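Colleague: build me a model from this:
(one chain, ligands or ions: 1)
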Amino acid sequence: MARVALITGGAQGLGAAAAAKLLGEGFSGVLLVDRNADGLAATASRLARPGQVATLAADLRDDATPARAVAACLAKFGRLDVLFNAAGNTARSGIADATLGTYQGLFDVNVKAPLFLMQEAAKVMKAQGGGTIINVSSMIAYGGLPNLGVYSGSKAALIALTKHAAQEFAWDGIRSFAIALGWALTEGERAVQAATGQPPDWAEKFGAELPGGRHILPEDVADLVAYLVSPSAQMMNGAVIDFEQMPVGMFRQHPALKSSA
Ligand SMILES: NC(=O)c1ccc[n+]([C@@H]2O[C@H](COP(=O)([O-])OP(=O)(O)OC[C@H]3O[C@@H](n4cnc5c(N)ncnc54)[C@H](O)[C@@H]3O)[C@@H](O)[C@H]2O)c1
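Modeller: Numbers count the residues shown, from 1 in each chain. Here you go, the predicted model:
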């Protein structure tokens, strides 16, 4: 049975890469949801799969978007097997400078939208006998950068909701996962770094210093998504995958401190 995926943040980055991967793996349809209508059109044309790619330009902050998105997927493809919540708000704010506006924006996109998309998708998946939900969280959910405090709270909430979904829907055949993503080279990240005044070659410079010699790419994440929705992962449910080269608590040892043991 050919499968169908609903992907948020599908205009670029993680969402667009996952769409390309899943279509390559035999998915019969993908619905890309994003607020960037031009990006959606460009991605759909790049994927070049007439009849297999549908788009919905919508803002995930709107209460109505989750039900609209799932309804659009059913109207176009008649089923829904995979929900990939890749869209995210990465607004910078610590606790000291947090505002209600920043808080609302972060929690609306990173928590409210995935929660109600899971609710809507689960209704369909239950009726179909199963499905897979994958939420993109962040290594920052465990703490980290000083200017990502509110973001950290939103991504930690998303991990908790994912764990809960894994338990709540386990006997419905629906498996749920969170990807705690590390530093990834997406269009979104390039825009953030450009806005903070980094030089054009920041990605090459910083990437070369990472353990793997480069940043994580959207295609790396797409490979994980393809695995999680494959028969090989059918016995996994509720995992939070730390997709990062520098695990929590890892420090670079100073060469002078090398142990002889
Ligand atoms: N890039 C990183 O280093 C990194 C690290 C950890 C986690 N993440 C997470 O990865 C995901 C991808 O983010 P990214 O910043 O790398 O960007 P990205 O380039 O993958 O694009 C994110 C997409 O989400 C869409 N989007 C954002 N807000 C929206 C809204 N309100 N309604 C509809 N669409 C919306 C954007 O238009 C964009 O197309 C996010 O969930 C982010 O929190 C990224």
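Colleague: relative to the ligand, which residue of the stretch 151-261 of the chain is the closest?
Modeller: Residue nearest to the ligand within the stretch 151-261 of the chain (CB to the nearest ligand atom): G188, separated by 2.3 Å. Yep, even glycine has a C-beta here, placed from its N, CA and C like the rest.
Colleague: next, count neighbours for that residue.
Modeller: Residues within reach of G188, counting by other CB atoms under 10 Å, total 17.
Colleague: that one belongs to a helix, doesn't it?
Modeller: Yes: when DSSP: H, G, I helix; E, B strand; the rest coil is applied, G188 is found to be in a helix.
Colleague: so it sits right up against Q12, yeah?
Modeller: Yes: proximity of G188 to Q12 meets the contact threshold set by CB atoms under 8 Å, at 7.2 Å.
Colleague: please enumerate the helices of the stretch 101-250 of the chain.
Modeller: Secondary structure of the stretch 101-250 of the chain, counting by DSSP state H, counting those that start in this stretch: helices at 113-128, 149-168, 187-195, 202-208, 218-228.
Colleague: could you list the buried residues of the longest one?
Modeller: The neighbour-count criterion (16 or more other CB atoms under 10 Å) identifies 149-159, 161-163, 165-166 as the buried residues of helix 149-168.
Colleague: tell me what angle that helix forms with helix 113-128.
Modeller: Taking axes from the mean of the first three to the mean of the last three CA atoms, to 10 degrees, one finds helix 149-168 and helix 113-128 inclined to each other by 10 degrees.
Colleague: and V229, how far from A157?
Modeller: Separation of V229 from A157 (CB to CB, to the nearest Å) stands at 24 Å.
Colleague: typo on my end, it should be F206
Modeller: Distance, F206 to A157, by CB to CB: 29 Å.
Colleague: and what of Q245?
Modeller: Counting by CB to CB, the gap from Q245 to A157 is 25 Å.
Colleague: do T196 as well
Modeller: With CB to CB as the criterion, T196 and A157 are 26 Å apart.
Colleague: repeat for V4
Modeller: Shown here: V4 relative to A157, a distance of 28 Å by CB to CB.
Colleague: ok, back up a step: now the helices of the stretch 101-250 of the chain in TSV, with distance to A41 and mean pLDDT?
Modeller: Output for the helices of the stretch 101-250 of the chain, formatted as TSV (distance: least, CB to CB, whole Å; pLDDT from 0 to 100):
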stretch	distance to A41	mean pLDDT
helix 113-128	22	98
helix 149-168	28	98
helix 187-195	15	94
helix 202-208	26	95
helix 218-228	19	98
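Colleague: distance to Q104 added to the ones you listed, as CSV?
Modeller: Output for the helices of the stretch 101-250 of the chain, formatted as CSV (distance: least, CB to CB, whole Å):
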stretch, distance to Q104
helix 113-128, 12
helix 149-168, 10
helix 187-195, 20
helix 202-208, 30
helix 218-228, 27
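Colleague: which residues touch Q119?
Modeller: Contacts for Q119 (CB atoms under 8 Å, 6 or more residues apart in numbering) come out as P66.
Colleague: interface residues of this protein facing the ligand?
Modeller: Counting by CB under 6 Å from any ligand atom, the residues of the chain close to the ligand are 9, 11-14, 34-36, 39, 59-61, 86-90, 109, 136, 138, 181, 183-184, 186-189.
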